[in-house]
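Q: Below are the sequence and a predicted model for it; my questions follow.
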Amino acid sequence: MRTQQELVLFINANHTSRHIASANTTVYPNLGLLTLMSALRDKLGSHDTQLGYLDGVLYSNETIEEFIDAHAHRLHAVCLSVLTGNYSASIAMAQRVKRLNPNALVILGNDHFSALYERIMRRQRDIDFGFYGNDVVTGFANFMADSLRGRIKSPDAYPGLVYRATDGTATKVPEDAGEYATLPLVDYSLADSLLPHQERYLQGQQSIYFFMRDRVLRSTVVDIGRGCIKFAGPRLDDVPLNACDFCGIIPGSKEIVWPEVDKAWAILENAYRQGYNYFYVTADELPLTMWRLLRGMAANQPEWFRQLPQSQRPGMFGYARAEAFATVPDRIDELVNVLGLDHFFIGFDGFSDVSLRVMNKQSVGGRGRHDLPMAHNLEALAGVVDRGGMITAGLILTHLGITPQLMAENHAMLTELVDNYPKTFAALDFGPLCPIPGSQSFRYLTHPEHAEQRAAEHGLRVDREFLESRKDFYRSNDDFDEDEMIEDFVRGCCPDITMDLVHEYLAATEDLANRHGIVTRVGM
């Protein structure tokens with residue numbers, strides 16, 4: 001009698017606290033999980049294993065738990081994508097899996113695990129393995145395929161693998177720095193392997209964004225580059241010291257990677273052939289970090305793209321560092337007129353130059369490094385406005401040592417810009433700074449002397465005594481409530497303001513957006 005088909009489950013759990021860090025959490029799939037699934041499916045070939053995708057943001061964590069209960073007996077592995085906000089729910093699911101099927105493997109990955117893998121492996125015995133960083137797709141696919149076939153090799157055969165050594169300590173296998181060029185083309189239909197996800201993501205886009213609804217856009221995420229210029233330079237505990245304070249990305253050994261031009265176009269064509277016509281390019285800082293790739297793509301358009309009428313060509317949108325437009329303004333013309341990018345995510349964050357410098361948002365080198373940081377934001381805004389493009393503005397309402405005066409100045413400038421250019425802003429993604437593990441701001445909670453020194457450099461202050469009282473908690477735990485982290489950060493790193501004032505500015509920012517019909521995603 002044929003035994004029941006084994007199942008490898010890929011889970012994106014919903015957040016367990018109210019803090020939401022991104023404007024895109026309910027309208028796009030988890031591209032990392034789909035990439036892993038695509039690679040594993042290719043590796044397995046005809047092997048009789050079911051791969052399943054479940055997104056708790058769309059279907060609730062309770063739905064995932066019910067599925068686990070019903071299918072625990074055939075689970076070979078459960079793979080969880082963990083950020084700080086969904087870590088608690090992910091661990092609860094891991095414990096549930098192990099309680100129902102102790103033989104099932106539980107594997108973690110993504111930024112929260114990469115930042116805290118040693119303490120997670122020490123504290124969470126229900127976690128069997130993890131994968132550290134970004135360049136782990138091949139290592140994961142090989143490991144899982146070998147596990148399903150019952151022939152796992154020595155750990156060092158799997159780049160990025162985190163496992164427990166014989167003495168119980170967490171050990172990390174180095175990533176494969178050359179992996180990026182070998183990544184498979186993503187099969188987006190894998191999102192519907194267990195429950196329909198794709199159409200629900202699309203319905204979310206249409207209901208939230210007027211321009212997607214009006215232009216009948218079908219959007220999905222694509223990966224044609226990874227990294228940021230601010231990941232270069234020295235690192236401390238794998239955290240780049242040049243990175244912006246709030247950035248929690250743990251980059252691989254290479255700060256910037258991208259494929260050849262032909263492969264980048266193949267990635268876009270792959271999404272287009274699967275029914276999508278508006279690509280969310282996940283690369284961190286497109287026109288600055290990825291300019292050589294984009295310039296090459298513009299100069300070498302493939303036949304399938306050139307043959308499409310201009311009105312039918314797929315569009316794109318993605319992240320942009322403002323100084324790229326400010327210091328090399330002709331780049332925006334090529335992006336808009338040739339490649340079809342018409343919507344840019346720009347981190348305006350604090351609006352005063354003091355706020356931007358405190359958050360480490362200033363340029364790190366090249367043209368414009370001596371300019372005032374806010375000047376770049378204003379020039380970038382003008383460039384997008386002149387070309388009829390759209391902006392989603394990232395806004396961070398608090399930072400190390402912020403004062404009521406700085407909050408008032410930042411909000412006043414935001415109000416002036418939005419009132420003057422309301423049609424340019426597609427969305428405002430805003431909230432207080434949440435010091436997630438892997439970020440510079442998390443280090444302020446674990447090392448109060450560092451917070452005090454950094455604040456003093458800008459004539460600001462912290463509550464050193466409070467930070468000292470909380471540092472052991474943040475040095476030893478792996479599971480954090482984001483609301484509590486925000487409150488601790490405000491009390492310890494922003495002693496001149498209160499949470500009541502934070503809530504006042506959250507409400508004022510939402511009122512400003514609502515007055516102009518701008519989409520908001522409130523990070524609180």
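A: Right, received. Where do you want to start? Numbering: from 1, shown residues only.
Q: for the closest residue to residue 290 other than its chain neighbours, what are its contacts?
A: Spatial nearest neighbour of residue 290, chain neighbours left out: residue 225 (4.5 Å); criterion: CB to CB, 6 or more residues apart in numbering. Using the backbone N, CA and C atoms, a C-beta is placed for each residue, glycine as well. Contacts for residue 225 (CB atoms under 8 Å, 6 or more residues apart in numbering) come out as 256, 257, 258, 259, 264, 281, 283, 286, 289, 290, 293.
Q: Could you tell me how far residue 225 is located from residue 160?
A: In this structure, residue 225 and residue 160 are 19 Å apart, going by CB to CB, to the nearest Å.
Q: next one: residue 16
A: 26 Å.
Q: So for the two, which residue has more residues nearby?
A: residue 160 (25 against 19; other CB atoms under 10 Å).
Q: Low-confidence stretches in this protein?
A: Scanning the chain for pLDDT under 70 picks out 1-3, 17-25, 322-329, 364-373, 523-524.
Q: rewinding a little: ramachandran angles for the residue nearest to residue 290?
A: Main-chain torsions, residue 225, degrees, to the nearest 10: phi 170, psi 160.
Q: same thing with residue 259?
A: phi -80, psi 180.
Q: Is it in contact with residue 178, as I believe?
A: No: counting by CB atoms under 8 Å, residue 259 does not reach residue 178; the two are 11.7 Å apart.
Q: out of those two, which sits in the busier spot?
A: Neighbours around residue 259 and residue 178, counted as other CB under 10 Å, are more numerous at residue 259. The numbers are 19 against 13.
Q: May I have the residues that are in contact with that one?
A: 180, 181, 183, 224, 225, 267, 293 are the contacts of residue 259 under CB under 8 Å, 6+ apart.
Q: Residue 44: which of the residues you listed is nearest?
A: residue 183 (16.8 Å; CB to CB).
Q: What number of residues are in the vicinity of that closest one?
A: Residue 183 has 17 nearby residues by other CB under 10 Å.
Q: Same check on residue 337?
A: 11.
Q: Helix, strand or coil: sort out it for me.
A: Secondary structure assignment for residue 337 (DSSP: H, G, I helix; E, B strand; the rest coil): helix.
Q: how much space between it and residue 314?
A: In terms of CB to CB, residue 337 sits 15 Å off from residue 314.
Q: Kindly reformat the contacts of residue 225 as CSV containing secondary structure.
A: As requested, the contacts of residue 225 are exported to CSV (three-state DSSP):
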residue, secondary structure
256, strand
257, strand
258, coil
259, coil
264, helix
281, strand
283, coil
286, helix
289, helix
290, coil
293, helix
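Q: got those as a markdown table, with distance to residue 417 columns?
A: As requested, these are exported to a markdown table (distance: CB to CB, whole Å):
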| residue | distance to residue 417 |
| --- | --- |
| 256 | 30 |
| 257 | 34 |
| 258 | 32 |
| 259 | 36 |
| 264 | 33 |
| 281 | 25 |
| 283 | 25 |
| 286 | 22 |
| 289 | 25 |
| 290 | 26 |
| 293 | 30 |
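Q: and those residues, which are buried?
A: 256, 257, 258, 259, 264, 281, 283, 286, 289, 290, 293 (16 or more other CB atoms under 10 Å).
Q: For stretch 247-254, give me every contacting residue.
A: Under CB under 8 Å, 6+ apart, the answer for stretch 247-254 is 84, 111-112, 114-115, 132-135, 174-175, 177, 180, 226-228, 230-231, 238-240, 243, 284, 436-440, 442.
Q: centre of the chain versus stretch 183-201, how much separation?
A: Taking CA atoms, centre = their mean, to the nearest Å, one finds stretch 183-201 lying 19 Å from the centre of the chain it belongs to.
Q: Now do the end-to-end distance for it.
A: Start and end residues of stretch 183-201 are separated by 24 Å (CA to CA, to the nearest Å).
Q: Pick the one among the buried ones among the contacts of residue 225 closest to residue 427.
A: residue 281 (16.5 Å).
Q: I'd guessed residue 226 sits against residue 257; true?
A: Yes: in this structure, residue 226 is within contact of residue 257 by CB under 8 Å, at 5.3 Å.
Q: Quickly list what's touching both of those two.
A: residue 180.
Q: ok, which stretches of the stretch 351-500 of the chain are strands?
A: 390-396, 425-431 (DSSP state E, counting those that start in this stretch).
Q: for the buried ones among the contacts of residue 225, which one is nearest residue 504?
A: Closest to residue 504 out of the buried ones among the contacts of residue 225 is residue 286 (34.7 Å), distances taken as CB to CB.
Q: Now do the contacts for that closest one.
A: By CB under 8 Å, 6+ apart, the contact set of residue 286 is 225, 294, 318, 319, 320, 324, 335, 341.
Q: make it 10 Å
A: 224-225, 293-294, 316-321, 324, 331, 335, 339, 341, 344-345 (CB atoms under 10 Å, 6 or more residues apart in numbering).
Q: same check, this time on residue 398
A: By CB under 10 Å, 6+ apart, residue 398 lies in contact with 246, 350, 355, 359, 406-407, 410, 431-434, 441, 486, 489-490, 493-494, 497, 499, 501-502, 505.
Q: Restricted to helices, list those residues.
A: In helices, defined here by DSSP state H, the members of the contacts of residue 398 are 355, 406-407, 410, 441, 486, 489-490, 493, 499, 501-502, 505.
Q: Can you say which of those residues are buried?
A: With burial judged by 16+ other CB under 10 Å, the buried subset of these is 355, 406-407, 410, 441, 486, 489-490, 493, 499, 501-502, 505.
Q: can you redo those as a markdown table with distance to residue 29?
A: Shown next, in a markdown table, are these (distance: CB to CB, whole Å):
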| residue | distance to residue 29 |
| --- | --- |
| 355 | 34 |
| 406 | 38 |
| 407 | 36 |
| 410 | 34 |
| 441 | 28 |
| 486 | 27 |
| 489 | 31 |
| 490 | 33 |
| 493 | 35 |
| 499 | 34 |
| 501 | 37 |
| 502 | 32 |
| 505 | 33 |
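Q: Can I get the buried ones among the contacts of stretch 247-254 as something I can paste into ChimeraX?
A: In ChimeraX, a selection of the buried entries from these looks like this (16+ other CB under 10 Å):
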select :84,111,112,114,115,132,133,134,135,175,180,226,227,228,230,231,239,240,243,284,436,437,438,439,440,442
